[in-house]
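>>> Fold the following.
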Amino acid sequence: MTARKQALSLAVAAAVVAGGLFASMGAAAPHDGVDLTNVPTANTRSDGFAPASRLSPQLTQTVVAQGSTRLENSSALTSYYGYDSDVVNAAGEPQMVPTPTSPANEAHKTEPDKNTYLVFKHGLSGADSSYDYGEHFLFQGHEGGAGGNSYITRINLDADAAHRVTLLATTDTDGHPIATIDGSTWDPWAKRLLLTTENKNAPTYAATPDYPSTVSDVSGALGRGGYEGIQDDSDGNIWIVEDIGGSAKGATTAKQPNSFIYRFVPAHPGDLQHGKLQALKVFNGIGDPITFSGQAALNNADQVALHSYGNTFDTRWVTIHDTATDGNAPFIANDLAKAANATPFKRPENGDFQPGSHFRKFFFDETGDTNATSPENSTAGGWGTIQLLTQSSPSASTGKLTLFYKGDQAHSGLDNVAFLSRDQISFVEDAGDTLHGQRNALDSGYVWNTGVDYSNPAKQPLRWLAEGRDPSATLDSANSGFGSNEGDNEITGLYVSDGDTGVNGILGSQVPNLDDPHWRWFYTQQHGDNLTYEVHVR
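Numbers count the residues shown, from 1 in each chain. Below you'll find the model as predicted:
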């Protein structure tokens, strides 16, 4: 144990003895992890109030880009990292806040989303052919966009201000505008960024990391869906987590489970044009599949069991599309998953493999109903959950599903995920303005220990981030986004990696070590000023 960790552990122990601030993870974090002190409360949500974010005292953060960071190159759509050019001032710059002469207008905020950190030892090209962009890069697609159009950016972490952010692409290889993007990852075999759109009718993309980026529609093999989380495994399979909200159950705020977990099995690793798309099927206690049919009833028995501690369910992957027999025309994965009697979940958004598990343990979240009035909050996943899928290998046909954590009002709307160490997994909230107001609390970032039994209500995750709300988001929240923007800030783009672009760099392949400067931690405070941060461990 380093001297720094020893000092932190002693401080944490003293706080526990004194009834202090360290939230239960059983005890201090594992020796190979990050020792953090709990942030005791979330920031409150009050009209006109813009509180600062609060982090564990062992952490600091620096801004690597923000919405008002000017792109080194521009397009008709945008000239800035987080703003479209649909509403501009007299100088031709995007109107970022209301003004006395234009009190009801703002430029559309593009919402940079999932970050992917990569290191290219020989550098990458940019818009300035004479400039050395360095080796360290952070990529993101943008979730918003005027008219439903979006783009891909790259933060050049080693570059000066003038070259800090490069606009990589606004159209695909067929000249079609890029749809709004949510998830991203790096496929080391294809040597492409994979980008999802969280729209069942929009493409799934593969993009080169250089400038200009070549962006291809690969939804003839991977499908189109409300895809968000996307992740490779060590066999070259691609796991996809879908986030499509379901219909209301009667006159309530409970929503029908309507999203699926997918696995694309390529003909060979890196082949994004040929292979099988599979969906996860879960079987109940009597061996029947838990399907979309019958889920409209409140507190369906299978859904209650799926969201109760102590139950273990058999799973099987079912093929819903095979390019060898079904061809390469784009298809809607959600419809095929329902037809194949795969199992729907309440808005799963992201997942990650546990480091050191040899890709046998896959944790994924369910965002849930994000409403304190849902009659399924405490019974059928309304508060959201963390589920654990265990298999004998990443390509195994069968597995076991168990509930790892059942959310509550204070820990709800879980979204992005990253492992901080072998046993420490962080999920961050996207609870939304409605639930923020109902619980008078903004979003938080939490850490769970995978070795802790959270069925014991005394065990709760540690809060490492109580997210604040910047003034721009506070204005938007009070003014319905001025017609085009979201309100409160949310936490997105959580990413911890050493940037390795090879097969050994796949998330889950190596155990993160945040004491090593090669490992870096990022997230984005989406909406409002759209700041992207790097988190540092002291």
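>>> switch to C-alpha atoms for all contacts and neighbour counts from now on
Will do.
>>> Tell me the confidence at the spatially most central residue of the chain?
Taking CA atoms, centre = their mean, the centroid of the chain lies closest to Asn416, which sits 3.0 Å from it. On pLDDT, Asn416 comes in at 98.
>>> Kindly report the domain assignment for the chain.
Per the record, the chain has its domains at 1-60+420-506, 66-218, 231-408, by automatic domain parsing.
>>> Show me how far the helix or strand that contains the residue nearest to the centre of the chain is from its chain's centre.
Assigning secondary structure by DSSP states H and E places Asn416 in strand 414-419. Relative to its parent chain, strand 414-419 has a centroid offset of 6 Å by CA atoms, centre = their mean, to the nearest Å.
>>> what does stretch 444-460 give?
20 Å.
>>> And that stretch, what's buried?
Residues of stretch 444-460 classed as buried: Ser444, Gly445, Tyr446, Val447, Trp448, Asn449, Thr450, Val452, Asp453, Tyr454, Gln460 (neighbour count, 16 or more other CA atoms under 10 Å).
>>> the helices in this structure, which residues?
3-17, 301-306, 323-326, 333-339, 432-439, 471-478 (DSSP state H).
>>> burial of Ile332, as a residue count?
20 (other CA atoms under 10 Å).
>>> How about Leu336?
18.
>>> And it, how far from Asp113?
Distance of Leu336 to Asp113, given as CA to CA, to the nearest Å: 27 Å.
>>> go on, Gly493?
Distance from Gly493 to Asp113, by CA to CA: 5 Å.
>>> ditto for Asp288
Distance from Asp288 to Asp113, by CA to CA: 38 Å.
>>> circling back to that earlier point, list just the nearest of the buried residues of stretch 444-460 to Leu306.
Distance to Leu306, by CA to CA, is smallest for Tyr454 among these, at 15.5 Å.
>>> Now for the residue nearest to that closest one when sequence neighbours are not counted: which residues touch it?
In space, and not counting its chain neighbours, Tyr454 is closest to Tyr405: 5.9 Å by CA to CA, 6 or more residues apart in numbering. Listed by CA atoms under 8 Å, 6 or more residues apart in numbering, the contact set of Tyr405 reads Thr385, Ile386, Gln387, Tyr454, Ser455.
>>> and if we set it to 7 Å?
By CA atoms under 7 Å, 6 or more residues apart in numbering, the contact list for Tyr405 reads Thr385, Ile386, Gln387, Tyr454.
>>> again with Asn299
Glu376, Thr379, Ala380.
>>> Return the per-residue confidence for it.
96.
>>> And Ser9, by the same measure?
40.
>>> gap between Ala52 and Pro461?
In terms of CA to CA, Ala52 sits 22 Å off from Pro461.
>>> of the two, who's got more company?
Neighbours per residue (other CA under 10 Å) separate Ala52 from Pro461, with Pro461 holding more: 23 against 13.
>>> Would you enumerate the residues in contact with the spatially closest residue to the more buried one that is not a sequence neighbour?
Sequence neighbours aside, Trp448 is the residue nearest to Pro461 in space, at 4.9 Å (criterion: CA to CA, 6+ apart). Taking CA under 7 Å, 6+ apart, we find Trp448 in contact with Met25, Gln424, Ile425, Ser426, Pro461, Leu462.
>>> For the third one, which non-adjacent residue is spatially closest?
Spelled out, that is Ile425. Ile425 sits nearest to Phe419 (CA to CA, 6+ apart), 4.3 Å away.
>>> Surely the one you found touches Val428?
No. Using CA atoms under 7 Å, Phe419 makes no contact with Val428, being 11.7 Å away.
>>> if I look at Asp352, how far off is Asn456?
For Asp352, the distance to Asn456 - CA to CA - is 24 Å.
>>> Across the sheet, point out what pairs with the residue nearest to Pro461.
For Trp448, the beta-bridge partners under DSSP bridges are Ile425.
>>> All set, thanks.
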